[in-house]
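J.: return atomic coordinates for the entry below.
(one chain, ligands or ions: 1)
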Amino acid sequence: MVFRPFLSPAALYFCPMRIDIITLFPEMFEGFLSQSILKRAQDKGLANLHIHQLRDYVAQDNKHKNVDDYAFGGGAGMVMAVEPIINCMEHLEKTVRYDEKIFVTPDGERLTQKRVNSLSIKENLLILCGRYKGVDQRIRDHFITMELSIGDYVLSGGELAAAVIADSVVRLIPGVLSDESSALLDSFQGDLLDAPVYTRPAEYRGMKVPEVLLSGNEAKIDEWRYQQSLEKTKLRRPDLLKD
Ligand code: SAH
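T.: Predicted structure coming up:
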């Protein structure tokens, strides 16, 4: 049982987050899920990730085990067919009620920390990974509740995008990071980019760590970090300061 009062006191959750990912390339997730933060989250019982091979949901009478087909109207590129995706989703929804059914796609809403925060207080998420030209529009119109893009460029498949979402969301679940407060100070959590960081040694080949960080004076250090964040944001991302 997990108490999750992290980002919104209104959303108190008591169970691990579940993320189901539908893909034609489950192996792509193997290394990713078995390392670092996502592994720790699963080992601690704070998140459960399940990867589903879409090919397993092709109807028995589909001799060619086709998950894709030619686009109506012609043109280059194959389209992921409706039936296997529906079969898979309906199978999963027999036992899970999803808060969001996400399709990752370059024409979706651009993923931001704000969206990541809001997803991190959900219980059950489903992520559908596209391939080829994408999925039949009817899936998007009738079964998907949210469409997310990880940036204005085109990948060859949705697997990397799904991994980006899973990682950014799961690390916010309380107990996953060794020090939760660190996530709250990350770039994009407020309007500022994160301040520069240093570790030992205090001097290396004549390159010194800023004196203030060695002073032990917390108020001064906070002020220095704030100023650094502000300067960096003005320089690199003035758009974040607009409001
Ligand atoms: N024809 C599509 C691109 C298909 S790329 C278009 O122009 O919009 C194949 C699949 O990769 C997509 O269906 C999507 O699932 C995934 N993908 C590619 N780029 C992505 C991005 N920037 N964000 C999220 N998913 C992406």
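J.: now the longest helix along the chain, how far from the centre of its chain.
T.: The single longest helix within the chain, with elements called by DSSP state H, is helix 218-236. Taking CA atoms, centre = their mean, to the nearest Å, the mean C-alpha location of helix 218-236 is offset from the chain mean by 27 Å.
J.: equivalent analysis for stretch 113-124, please.
T.: Distance of stretch 113-124 from its chain centroid, counting by CA atoms, centre = their mean, is 9 Å.
J.: do the same with stretch 117-137
T.: The answer for stretch 117-137 is 10 Å, by CA atoms, centre = their mean.
J.: so which helix or strand takes in Asp107?
T.: Using DSSP states H and E, Asp107 falls within strand 100-110.
J.: given that strand, what are its sheet partners and their directions?
T.: With DSSP bridges as the test, strand 100-110 is paired with strand 124-129 (parallel), strand 146-149 (parallel).
J.: quick one: closest of those to the ligand.
T.: strand 146-149 (4.0 Å; CB to the nearest ligand atom). Heads up, the C-betas are built off the backbone N, CA and C, glycines and all.
J.: show me where pLDDT drops low in the chain?
T.: 1-14 (pLDDT under 70).
J.: interface residues of it facing the ligand?
T.: The chain comes close to the ligand at residues 104-107, 129-131, 133-134, 149-151, 153-155, 157-158, 161, as judged by CB under 6 Å from any ligand atom.
J.: now the strands for the chain?
T.: Using DSSP state E, the strands assigned to the chain run over residues 17-23, 47-53, 68-70, 78-80, 100-110, 124-129, 146-149, 203-204, 207-208.
J.: what helices or strands is the fourth one leaning on?
T.: The criterion is 3 or more CB pairs under 8 Å, 6 or more residues apart in numbering; DSSP states H and E, and the helices and strands that strand 78-80 contacts are strand 68-70.
J.: mind listing what the strand it packs on pairs with, with the direction of each?
T.: Assessed with DSSP bridges, strand 68-70 is paired to strand 78-80 (antiparallel).
J.: ok, residues contacting the partner strand?
T.: Contacts to strand 78-80, defined as CB atoms under 8 Å, 6 or more residues apart in numbering, come from residues 54, 67-71, 130-136, 139.
J.: list the buried ones in it?
T.: Residues Val79, Met80 are the ones in strand 78-80 that count as buried (16 or more other CB atoms under 10 Å).
J.: rewinding a little: can you dump the C-alpha atoms of the longest helix of the chain in PDB for me?
T.: The C-alpha coordinates for helix 218-236 follow below in PDB (Å, rounded to 0.1, in the frame of the first residue of the first chain):
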ATOM      1  CA  GLU A 218      22.100  27.600   3.200                       C
ATOM      2  CA  ALA A 219      20.400  30.900   2.700                       C
ATOM      3  CA  LYS A 220      23.300  32.200   0.600                       C
ATOM      4  CA  ILE A 221      23.400  28.900  -1.400                       C
ATOM      5  CA  ASP A 222      19.700  29.100  -2.100                       C
ATOM      6  CA  GLU A 223      20.000  32.700  -3.200                       C
ATOM      7  CA  TRP A 224      22.900  31.800  -5.500                       C
ATOM      8  CA  ARG A 225      21.100  28.800  -7.000                       C
ATOM      9  CA  TYR A 226      18.000  31.000  -7.600                       C
ATOM     10  CA  GLN A 227      20.100  33.700  -9.400                       C
ATOM     11  CA  GLN A 228      21.800  31.000 -11.500                       C
ATOM     12  CA  SER A 229      18.500  29.500 -12.400                       C
ATOM     13  CA  LEU A 230      17.100  32.800 -13.300                       C
ATOM     14  CA  GLU A 231      20.100  33.900 -15.500                       C
ATOM     15  CA  LYS A 232      20.100  30.500 -17.300                       C
ATOM     16  CA  THR A 233      16.400  30.700 -17.900                       C
ATOM     17  CA  LYS A 234      16.600  34.300 -19.300                       C
ATOM     18  CA  LEU A 235      19.400  33.200 -21.600                       C
ATOM     19  CA  ARG A 236      18.200  29.900 -22.800                       C
END
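J.: before I go, just wanted to say thanks for your time.
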